[in-house]
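J.: okay, here's the prediction I keep looking at, along with the sequence it came from:
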Amino acid sequence: MMPKPINEVLALAIYATAAASCLATGPTFTIDASHAAGRVSPRLYGLMTEEINHSYDGGLYAELIQNRAFLDSATTPVHWAVVKDENSATAIALDPANPFNDKLTNSLRLTVTQAANGHPAGVSNSGYWGIPVQPNTPYRASIFAKADAGFSGPVTVSIVSDDGQTVYATAKISGLATGWKEFELKLATGKVAPTAAAHLAITIDQPGTIWLGLVSLFPPTWNDRPNGCRKDLMQMLVDLNPKFLRFPGGNYVEGDTIETRFDWKKTIGPIQERHGHPCPWGYRSTDGLGLLEFLEWCEDMKAEPVLAVYAGYSLKGAHVNPGPDLEPFVQEALEEIEYVTGDTNTPWGVQRAKDGHPAPFKLGYVEIGNEDWFDKSKSYDARFAQFYDAIKAKYPRLKTISTIGNDQPEDLRVHSRKPDMTDEHYYLSTDEFVRKSPDYAVKYDRTGPEIFVGEWAAHEDAAIKPWEPGARKQPPTPTMKAAIGDGVFMAAMERNADLIQMQCYAPLLVNVNPGARQWRPDLIGYDALSCYGSPSYYAIQMFSRNLVDEILPVASTETSVQGCATRDSRTGEIIVKLVNPQPTNATFNVEIKGVAALAAEADVITLAGSPEDTNSINRPRNVVPVASTVRGIKPQFTYTLPANSIVVLKLKTRS
């Protein structure tokens, strides 16, 4: 018999120790259920996303071909290689003299000088750390190609093992001409073992020259969207029960320069019309995941969009002066909002319908810029005011978000206008979150702007910052210790969820292959074949899937155990979330005032483990929540939390 997982053992221990029927001497955690302290924001838990760690290309965006438009390098066709054997000969080169169009300004020229049946020659693409092969799976390929006079095909397109011994799927195209044509084909695998040790090969078995303008390969996608998202990663996101998505970033909104910002108009329309652009994290974005795809991503999760617009500041320090210089960017934002929300009587609503989505999207919040406290010109107050006035004049019901919140010095904040919401970002160690969380937001002005914690994450060691090179030597996703820091901060935000209207962890995604990441810790890890959630992922899932609508006041006689309590106003169910950051079990008294009686049995969800425990591609479920039942629940009872644990107690009230 296999030994029980550590979490199951701990769950059984909780089951036994929580059954005590009388209060013991020790710390007390008191919940006042006689009145609600406020209303929990219904959109408290959401997602933040940007292009970092190959989150989009090589991640959520399901495209399998890396450098599909031959634009990742101006000199060499990176990620493409020659296919030949001892009896065939070929050469490949970028050919800017034969561009596919004015957006895709390079093509790949394949010149085959020797080939025959059984001895083909051509080109291959390695994908994003391999082409993932799954059994009994249809893949959809799109190829834009042309040929020299006299060659019309056939061209063989195959998914092939890296050792060349296995062809997993294959199809042929013919009818190439001297002008560009699009060819669509299906590649279907059979009963094969999953592998990422594969590539896409495009070959011919006779001499000739062909040009490729764009090569695309998609597996099945979420909701079968033709330019859609990877199914397993989307499932993990949906399982977090997100109420909103903040997009397209992050630093990705700003770009390193004004020219490399997220220019939304260049991200819509067919993929062959999207040139792409450098992202701030050292690689090129295809812009395949463009504005419409972000909105459809929200739609697929049943989440609200929170749109960030470029506001005139870029990461390497350039800014646009307020006034006439800024006006084109204000107009760009207004047109972007129209694309999202306008009906088909508006110019950009017409464009959205042309792009495949006639119905407008719901939009409630627009964030103006991102982390503008880095702007040394201190021009954000005036830039924000210019955007604010224009947006409110045309869209008075939209709420505006300032990127500078209470966590930044007073002289950097917006004063000329009152934002509807301000954005705070926190990247702290677990120990810093444990110290900060008991008093977080307690002294905030409840009549001031709403609060959006638009980026936050706990990391394990205060000495190693997430953005420093030393962080890249650590595992890409966080340990149980970091999850503890996340837990205490989420409890603090729930205690203040009348003011903290939205919050989201960042970064959300990381490709765990060597060279793919720039930051850690990250919530969800993946390679070409599979994905996993970190302990922090499961901590957030425990909180977000157990969210009800009334805040109950809590008090504790000691601060080592931190927590929060909320109540469902319809059913009376009380949700208690508790975090024990200590290396030992914590036994304490739970006292619930203002209830006549509680059901004797309660559901429990427990996440626990050693501080260094984590999950990985090879051990995806090493640390996961465990569900159990506890008996002996009364308005006053004794409870024992395991060491290094996060616990959700679901208490049913009785009249």
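T.: Ah, there it is.
J.: quick one, helices of the protein?
T.: 6-17, 231-238, 251-254, 291-301, 327-341, 347-354, 380-394, 430-436, 480-495, 535-544 (DSSP state H).
J.: residues near A74, how many?
T.: 10 (other Cβ atoms under 10 Å). Using the backbone N, CA and C atoms, a C-beta is placed for each residue, glycine as well.
J.: who's in contact with it?
T.: Contact analysis of A74 by Cβ atoms under 8 Å, 6 or more residues apart in numbering lists L94, N106.
J.: how close does it get to R284?
T.: 11 Å (Cβ to Cβ, to the nearest Å).
J.: next: Y61.
T.: Distance from Y61 to R284, by Cβ to Cβ: 13 Å.
J.: which one's more surrounded, those two?
T.: With neighbours defined as other Cβ under 10 Å, Y61 and R284 compare such that Y61 has more, 27 against 19.
J.: ok now do the more buried one, which residues does it touch?
T.: C229, R230, T286, G288, L289, E293.
J.: just these: which are in strands?
T.: The strands, defined by DSSP state E, take in nothing from the contacts of Y61.
J.: sketch out the low-pLDDT regions of this protein for me.
T.: 1-25, 655 (pLDDT under 70).
J.: most remote residue from it's center?
T.: G150 (48.3 Å; Cα atoms, centre = their mean).
J.: what's the nearest residue to that one if we skip its chain neighbours?
T.: G208 (7.4 Å; Cβ to Cβ, 6 or more residues apart in numbering).
J.: in contact with the one you found, which residues?
T.: V112, A147, D148, G150, F151.
J.: which one of the contacts of Y61 sits closest to K443?
T.: Proximity of the contacts of Y61 to K443 (Cβ to Cβ) peaks at L289, which lies at 40.1 Å.
J.: ok, that closest one to Y532 distance?
T.: 22 Å.
J.: between the two, which one's more packed in?
T.: More crowded of L289 and Y532, by other Cβ under 10 Å: L289, with 27 against 23.
J.: so the more buried one makes contact with G58?
T.: No. Using Cβ atoms under 8 Å, L289 makes no contact with G58, being 11.2 Å away.
J.: I'd like the distance between the nearest residue to S41 once chain neighbours are set aside and T178.
T.: The shortest distance from S41 to any non-neighbouring residue, by Cβ to Cβ, 6+ apart, is to Q501 (4.3 Å). Separation of Q501 from T178 (Cβ to Cβ) stands at 59 Å.
J.: who's more crowded, these two?
T.: Q501 (22 against 13).
J.: what sits against that one?
T.: Neighbour list for Q501: S41, R43, L44, M421, E450, I451, F452 [criterion: Cβ under 8 Å, 6+ apart].
J.: who wins on neighbours among the residues you listed?
T.: Neighbour max across the contacts of Q501 (other Cβ under 10 Å) = F452, 31 neighbours.
J.: touching, that one and M502? I think so.
T.: Yes. Between F452 and M502 there is a contact at 4.7 Å, judged by Cβ under 8 Å.
J.: list residues touching both of those two?
T.: Taking Cβ under 8 Å, 6+ apart as the contact rule, F452 and M502 both touch V306, Y365, M421.
J.: the first one: how many residues sit nearby?
T.: Here the neighbour count serves as a burial measure; for V306 (other Cβ under 10 Å) it reads 28.
J.: my read: it touches R246, true?
T.: Yes. At 4.4 Å, V306 counts as touching R246 under the criterion of Cβ under 8 Å.
J.: shared neighbours, these two?
T.: What both V306 and R246 touch, as defined by Cβ under 8 Å, 6+ apart, is the set G46, E367, M502.
J.: what's the last one in contact with, if anything?
T.: Right, M502. Contacts of M502 (Cβ under 8 Å, 6+ apart): 41, 43-44, 46, 243-244, 246, 306, 365, 421, 452-454.
J.: the residue nearest to N496 when sequence neighbours are not counted - how many residues pack around it?
T.: Nearest non-adjacent residue to N496, counting by Cβ to Cβ, 6+ apart: A441, 4.1 Å away. Here the number of neighbours of A441 (other Cβ under 10 Å) works out to 19.
J.: dump the residue contacts of A441.
T.: I451, A492, M493, R495, N496, L499, I500.
J.: likewise for E573?
T.: E573 neighbours (Cβ under 8 Å, 6+ apart): V548, R567, K650, L651, K652, T653.
J.: ditto for E371
T.: N251, E254, T403, H425.
J.: list the contacts for N644?
T.: Going by Cβ under 8 Å, 6+ apart, the list of residues near N644 reads M480, K481, I484, N580, P581, Q582, P583, A608, G609, S610, P611.
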